[in-house]
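Asks: below are the sequence and a predicted model for it; my questions follow.
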Amino acid sequence: MSHAIPVSARQGELRLALPMVGQLLQRKRAGEIGEGLIDELVSLSWIEWNGGSLRLTTTGQNICRQQLLK
């Protein structure tokens, strides 16, 4: 039995982390993002694999913009 917190319960926390993830991806420093975090963000369709690289999806970009407005 797994004791991991479901991704849906962590959405608020993941939403706050997404702008930092986006900055790391822009700087080509995806190696600094934890595997678990990558898996969670991919499962939410906020980031995606594209030709061996990670990038923000349109949804991920919109979430980052929303965070800047707050």
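Replies: Noted; the coordinates are in hand.
Asks: check which element follows the helix of greatest length in the chain along the chain.
Replies: Using DSSP state H to define each element, the chain has its longest helix at helix 11-26. Next along the chain after helix 11-26, taking DSSP states H and E as the criterion, comes helix 35-43.
Asks: show me what that next one is packed against.
Replies: Packing partners of helix 35-43 (3 or more Cβ pairs under 8 Å, 6 or more residues apart in numbering; DSSP states H and E): helix 11-26, strand 47-50. C-beta: built from backbone N, CA, C; applies to glycine.
Asks: find the residue at the geometric middle of this structure.
Replies: Nearest to the mean C-alpha position of the chain, counting by Cα atoms, centre = their mean, stands Leu41 at 3.9 Å.
Asks: now render the helices and strands packed on helix 35-43 as TSV, adding mean pLDDT and distance to Glu32.
Replies: Output for these, formatted as TSV (pLDDT from 0 to 100; distance: least, Cβ to Cβ, whole Å):
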stretch	mean pLDDT	distance to Glu32
helix 11-26	95	5
strand 47-50	96	14
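Asks: compare those and give me the one nearest Asn62.
Replies: Distance to Asn62, taken as Cβ to Cβ, is lowest for helix 11-26 among the helices and strands packed on helix 35-43, at 10.2 Å.
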